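# pasting a predicted model and its sequence here:
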Amino acid sequence: MKPFLVVNPASAGGRTGRHFDAIARAVRGELGDFEWAFTRAPGDGRTLAREAVRAGGELVVAVGGDGTASEVVDGLVSPGGGSAVFGFIPRGTGGDFRRSLGCPADPAGAARAIARGAVRTCDLGAVELTRADGSLELRHFANVAGFGVSGRVVARMERRRGLLPGRLAFMLASARSLAGWRDQPVRWRADGGPWREERITAFSVCNGRFFGGGMMVAPGAELDDGLFDVTLWAGLGLGDLAWKRSMLYDGTHVRLPNTTCLRARTVEAEPLSGAEVLLDVDGEQAGRLPARFRILPGALRVRA
């Protein structure tokens, strides 16, 4: 069967759609002939991935950013998604899942890695979250999900997506979100243990190592160890973003007194005092607390 490409033409600031002919030539040179479809609206990546598998597709490749990859993965592992292999040609501005996956940044290099690489199994995260209307939704994530200021940041970025490079866009959105920020009250527990009540700046449930345009939020995370690496920041303000920025990017922030790290298979979290605590799921503002996260060991087959 030919590979099937799920292409987000709006990724990379719209350059993916404008230059898709060149991308297609580079991909065809490594993978041979393929079939493809453009996404048109949020959720299309999930739908197109399912349809490709139902049509007999054995290799489904996301061409876009972390959000596109997350939607395609969700389509592959949701009911009806079959057992197709996932491939990734990164065209986003942040590149966090690409870094976690170790995937080449250029289309030809990424296609070459798909064509020549061995299939490996990776873990996935599943999160049962609360939507804006109060209903529950199950989503899967390949890289990082979390809540707190990161949910505010991605909501702000969605309104200005593609206007700036990933790291700069995230830094500006973070600065604006942290200006006047007050830590939010939540209660949470890991692996069914005792509940903890505290105020948090950001709480990240990590399958991969990076988020926010290259921040190494979980330096010890592995995609195939059957565990989440959880990073909790409390009391983090605008000054920390300015003066401790290098620590956020090289992973040494884990030594700071306002950082808590642990490993877990499940995490549950609820808001306290009526707080609206927004979620970040692979760089998308997908909903809010309450939410329950669980690891799915070996749930995704990858060539990248």
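Happy to help now that I have it.

# which ones are touching the residue lying closest to residue 266 once chain neighbours are set aside?
Distances taken as Cβ to Cβ, 6 or more residues apart in numbering place residue 294 nearest to residue 266, at 4.6 Å, with adjacent residues excluded. Where C-beta positions appear, they are placed from N, C-alpha and C, glycine not excepted. The contact partners of residue 294, taken as Cβ atoms under 8 Å, 6 or more residues apart in numbering, are 125, 126, 127, 265, 266, 267.

# next: residue 303.
Residue 303 touches 59, 85, 86, 87, 113, 114, 117, 118, 119, 120, counting by Cβ under 8 Å, 6+ apart.

# tell me where this protein is predicted with low confidence.
1, 79-82, 159-167, 242 (pLDDT under 70).

# helices of that one, residue ranges please.
Remark: helices assigned in the chain by DSSP state H are 15-18, 20-31, 44-54, 66-77, 96-101, 107-116, 149-159, 166-178, 238-243, 245-250.

# how about these, which one is nearest residue 200?
Across those, residue 200 has its closest neighbour in helix 149-159 (8.7 Å, Cβ to Cβ).

# re earlier: look up how far residue 190 lies from the residue nearest to residue 266.
Separation of residue 294 from residue 190 (Cβ to Cβ, to the nearest Å): 11 Å.

# swap in residue 28?
Between residue 28 and residue 190 the computed distance is 46 Å (Cβ to Cβ).

# for those two, indicate the residue with more neighbours.
Taking neighbours as other Cβ atoms under 10 Å, residue 28 and residue 190 compare with residue 190 leading, 19 against 12.

# what about that one, distance to residue 220?
Distance from residue 190 to residue 220, counting by Cβ to Cβ: 16 Å.

# then residue 156?
29 Å.

# ok, now residue 138?
If you measure residue 138 against residue 220 using Cβ to Cβ, the figure is 27 Å.

# thinking again about what came up before, any idea which of the helices of the chain is most buried?
Among those, helix 66-77 has the highest mean neighbour count (mean count of other Cβ atoms under 10 Å), at a mean of 28.

# run the angle between that one and helix 149-159 for me.
Orientation of helix 66-77 against helix 149-159 (axes from the mean of the first three to the mean of the last three Cα atoms, to 10 degrees) gives an angle of 100 degrees.

# any idea how the chain splits into domains?
By the assignment in automatic domain parsing, the chain contains the domains 4-117, 124-299.

# how close does residue 14 sit to residue 20?
Residue 14 is 11 Å from residue 20, by Cβ to Cβ.

# residue 101 now?
From residue 101 to residue 20 the distance is 22 Å (Cβ to Cβ).

# next: residue 87.
Plainly put, residue 87 is 17 Å away from residue 20 if you go by Cβ to Cβ.

# try residue 181
Separation of residue 181 from residue 20 (Cβ to Cβ): 39 Å.

# about what we covered before: what residues are shared contacts of residue 294 and residue 190?
Common neighbours of residue 294 and residue 190, counting by Cβ under 8 Å, 6+ apart, are 266, 267.

# re earlier: and the contacts of residue 294, which two are the farthest apart?
Every pair of those checked by Cβ to Cβ; the farthest is 127 and 265, at 13.3 Å.

# wait, isn't residue 131 in contact with residue 139?
No. Applying Cβ atoms under 8 Å as the test, residue 131 and residue 139 come out as separate, 10.1 Å apart.

# settle it for me: which of those two has more neighbours?
Of the pair residue 131 and residue 139, residue 139 is the one with more neighbours under other Cβ under 10 Å, namely 23 against 12.
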